[in-house]
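1. Here you go, sequence then predicted model.
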Amino acid sequence: MTDFQAIDALLAAAREEAALPTAEERRALREGLNLSRAQLAHALGVSPSTVGGWESGRDPGGEVREKYAYFLEGARTKLTARTEPEAPLAPAADATAVDAAGVDVPDLDAPGVAASDADGPDLSGDDVEALAAPQPCVLCGGPARHQVAGFPQHLDPTECGTPAPQQPEPEPESEEPPGTARTRRPEPERDGTRGTARTRPPAPVAKSVKVHPVGRRMRAADAAEPDLIAAAVSAALAEHEGDVEAATAALLKRAIPDAMALLDHTRKGGRYDVIAHPWIPDVLRKQSARGPDRIWEARPKWARPELPAGAHRVTALDINGAYLSALKTHLPIGQLEHSEGPGHDRRRAGVHLITPPEWEHDDHLPHPIGNRDEPGPLWVTEPTLRLLLRLSGPKYGLCEPPEIHESFTSGATEGLLEKFRVALKDARDRAITEDDEVTLEYVKAMYSKFVSTMGESNYNRELYRPDWMHLIRSQAFANLWTKAFKAYDEGLTVVRAMGTDELHVIGDWRAVFPEGRGVTEVKVKDVYDIGEDTPAS
């Protein structure tokens with residue numbers, strides 16, 4: 001081929017990139033066909049988090065862009081063919097009435113309440129919109145002022161109710177004397193033959209179906225969810241012909257991609273998109289190839305300096321599922337933004353540069369920021385800061401408030417990984433009940449490796465969130481500190497606190513902590529004696 005022929009071939013192959021719709025429309029087209037990110041990712045040969053990135057604003061390139069554009073165009077054509085004429089809107093309502101929807105405001109300090117939900121319904125998401133005029137609710141038929149995923153629906157459950165069933169009309173009073181039994185005959189119905197009557201069978205009673213929005217469609221509330229964990233375990237056991245050790249080894253090797261697939265599955269229809277690869281500030285980047293970043297996680301490694309005289313029996317308690325429980329923490333949704341000054345916004349989460357307060361209780365309680373020898377300001381995570389602020393408040397009064405110098409934060413929610421956490425917890429609980437060690441080891445590997453590889457790791461390229469990694473770890477440390485304080489507050493002697501799951505105490509610990517293997521329970525790791533009896537004088 002000559003140079004001119006090569007240039008002609010290059011010009012013939014050159015073409016403009018396929019046009020793509022907006023990120024919001026991309027997601028709407030996929031959800032309109034009731035397809036998950038994992039399904040689309042499999043068809044395009046990419047990861048589910050890559051599809052999530054495209055639906056958050058990033059654009060693909062090359063051949064995969066052509067495939068993605070082809071899918072979106074086909075999805076638009078298919079959905080357009082399904083579209084029915086829109087129902088006429090009801091008469092316009094007073095604008096004041098639309099804005100005055102009464103919604104209970106939850107307590108920010110109550111457990112399980114996401115900070116992002118504290119001021120009533122969040123209308124900033126793609127799936128919740130205010131209606132210009134009320135439309136019939138898809139659940140109860142009453143006038144609704146908002147739509148969820150394109151369907152008119154009440155946001156406040158107290159406003160939504162099914163119509164009361166109509167009471168049957170009373171039968172006419174019988175002229176028969178009291179005490180005379182009377183049988184009500186079925187109403188005759190003509191079947192078209194003159195003079196012939198037949199009995200009409202009783203009409204079947206229709207039962208209402210509870211539904212809830214999933215993406216832009218409605219789905220029955222009792223629809224069975226696929227159990228990805230059970231399916232993976234069954235497949236591994238079948239592949240290795242029941243060999244428990246071989247099946248367990250195979251499941252542990254695939255724990256990271258399986259955890260990411262489970263995360264994507266549990267995020268379907270979620271209110272917020274997971275931004276898998278956001279911009280990260282320098283404080284969250286490693287200072288050297290093998291060195292750590294600048295975030296202090298407050299990992300405890302504390303031992304009581306001295307014990308009362310005499311002999312003591314110490315019980316080392318093991319806190320079950322520490323990282324699994326720590327998945328419930330306030331996580332930043334979007335990209336971290338810089339701010340300066342002493343203020344703290346409970347609706348946001350991230351990392352903070354603080355000067356910690358003095359701690360005067362090291363003789364019987366560990367320091368909330370762990371063992372740190374260097375004085376001066378340090379970068380801590382949201383769980384550590386919130387713990388310090390709580391301990392400095394009037395309820396505890398254990399220290400002064402920390403001094404906040406600057407922060408990198410984003411809008412946050414405590415429930416971002418909640419469905420993911422519950423799926424793992426339920427599988428763990430079933431495995432314990434059924435004495436299923438294969439599933440138990442598999443689930444443990446999924447959540448522990450999920451946390452440890454979401455930072456700068458070569459083992460997980462689908463999620464790069466070192467901020468989440470530090471926050472989840474710090475939440476586990478804060479949870480251990482809280483248990484240590486509970487033991488102290490209930491009269492136990494706290495001897496040692498280590499890592500995320502080890503607490504040594506003296507005293508009747510069963511009166512304070514439930515014993516078992518559940519995530520809200522503790523189990524005994526070790527029992528040992530220390531000290532000597534004082535000889536009688």
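-> Now that the structure is in, tell me what you want to look at. Numbering: from 1, shown residues only.

2. Next, count neighbours for S234.
-> 14 (other Cβ atoms under 10 Å). (Glycine included, C-beta is placed from N, CA and C.)

3. who are the neighbours in contact with it?
-> Listed by Cβ atoms under 8 Å, 6 or more residues apart in numbering, S234 has no contact partners.

4. Distance of it relative to H312?
-> 49 Å (Cβ to Cβ, to the nearest Å).

5. just I280 next, same as before
-> 47 Å.

6. again, but for G341
-> 48 Å.

7. Who has more neighbours out of those two?
-> The neighbour comparison of G341 against H312 (other Cβ under 10 Å) goes to H312, with 16 against 9.

8. Just the CA trace of stretch 269-278, in PDB.
-> Extracted in PDB, the C-alpha atoms of stretch 269-278 (Å, rounded to 0.1, in the frame of the first residue of the first chain):
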ATOM      1  CA  GLY A 269     -33.400   1.900  41.800                       C
ATOM      2  CA  GLY A 270     -31.400   3.700  44.500                       C
ATOM      3  CA  ARG A 271     -31.900   7.400  45.100                       C
ATOM      4  CA  TYR A 272     -28.200   8.300  44.600                       C
ATOM      5  CA  ASP A 273     -25.700   7.100  42.000                       C
ATOM      6  CA  VAL A 274     -22.400   5.800  43.300                       C
ATOM      7  CA  ILE A 275     -19.500   7.800  41.800                       C
ATOM      8  CA  ALA A 276     -16.900   5.200  41.500                       C
ATOM      9  CA  HIS A 277     -13.900   7.300  40.500                       C
ATOM     10  CA  PRO A 278     -14.200  10.900  41.700                       C
END
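
9. List the buried residues for that stretch?
-> Of all the residues in stretch 269-278, those buried under the rule 16 or more other Cβ atoms under 10 Å are G269, R271, Y272, D273, V274, I275, A276, H277, P278.

10. Over to stretch 514-529?
-> R517, V519, V522.

11. for this structure, what are the low-confidence residue spans?
-> For the chain, applying pLDDT under 70 flags the ranges 1-5, 8-15, 83-128, 138-141, 148-151, 154-225, 534-537.

12. residue boundaries of the helices in the stretch 151-300 of the chain?
-> Counting by DSSP state H, counting those that start in this stretch, the stretch 151-300 of the chain has helices at residues 228-239, 244-253, 255-266.

13. For the ones you listed, could you give me CSV that also reports distance to E31?
-> Formatted as CSV, the helices of the stretch 151-300 of the chain follow (distance: least, Cβ to Cβ, whole Å):
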stretch, distance to E31
helix 228-239, 20
helix 244-253, 31
helix 255-266, 14
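
14. Pick the most deeply packed of the ones you listed.
-> Highest mean neighbour count among the helices of the stretch 151-300 of the chain (mean count of other Cβ atoms under 10 Å): helix 255-266, with a mean of 20.

15. closest one to V46 among the helices of the stretch 151-300 of the chain?
-> Among the helices of the stretch 151-300 of the chain, helix 255-266 comes nearest to V46, with 12.1 Å by Cβ to Cβ.

16. packing partners for the closest one?
-> helix 37-44, helix 48-54, helix 228-239, helix 418-433, helix 437-452 (3 or more Cβ pairs under 8 Å, 6 or more residues apart in numbering; DSSP states H and E).

17. what residues does that helix touch?
-> Helix 255-266 has contacts (Cβ under 8 Å, 6+ apart) with 36-38, 47-49, 52, 226, 228-229, 232, 251, 274, 417, 419-420, 423-424, 442, 445-447, 449-450, 453, 459-460, 462-463.

18. List only those of the residues you listed flagged as buried.
-> 36-38, 47-49, 52, 228-229, 232, 251, 274, 417, 419-420, 423-424, 442, 445-447, 449-450, 453, 460, 462-463.

19. Next one: L398 from A478, what distance?
-> Where A478 is concerned, L398 sits at a distance of 14 Å (Cβ to Cβ).

20. Those two: which has the busier surroundings?
-> The neighbour comparison of L398 against A478 (other Cβ under 10 Å) goes to A478, with 26 against 17.

21. Am I right that the more buried one is in a helix?
-> Yes: per DSSP: H, G, I helix; E, B strand; the rest coil, A478 lies within a helix segment.

22. That one and R299 touch, don't they?
-> No: applying Cβ atoms under 8 Å, one finds A478 not in contact with R299, separated by 10.7 Å.

23. burial of the nearest residue to G61 once chain neighbours are set aside, as a residue count?
-> In this structure, G61 finds its nearest non-sequential neighbour in E17, 7.3 Å apart by Cβ to Cβ, 6 or more residues apart in numbering. Neighbour count of E17, defined by other Cβ under 10 Å: 12.

24. which element is E17 on?
-> Using DSSP states H and E, E17 falls within no helix or strand.

25. same question, the one 3 residues further on
-> Secondary-structure element containing L20, defined by DSSP H and E: none, the residue being outside all helices and strands.

26. neighbours around it, how many?
-> 16.

27. Next: S325.
-> Neighbourhood size, S325 [other Cβ under 10 Å]: 21.

28. got a list of what the residue nearest to it when sequence neighbours are not counted touches?
-> Nearest non-adjacent residue to S325, counting by Cβ to Cβ, 6+ apart: V519, 5.4 Å away. Shown in contact with V519 (Cβ under 8 Å, 6+ apart): N320, G321, L324, S325, K425, R428.

29. tell me which of these is nearest to H405?
-> Of the contacts of V519, the one sitting nearest to H405 (Cβ to Cβ) turns out to be S325, at 30.4 Å.
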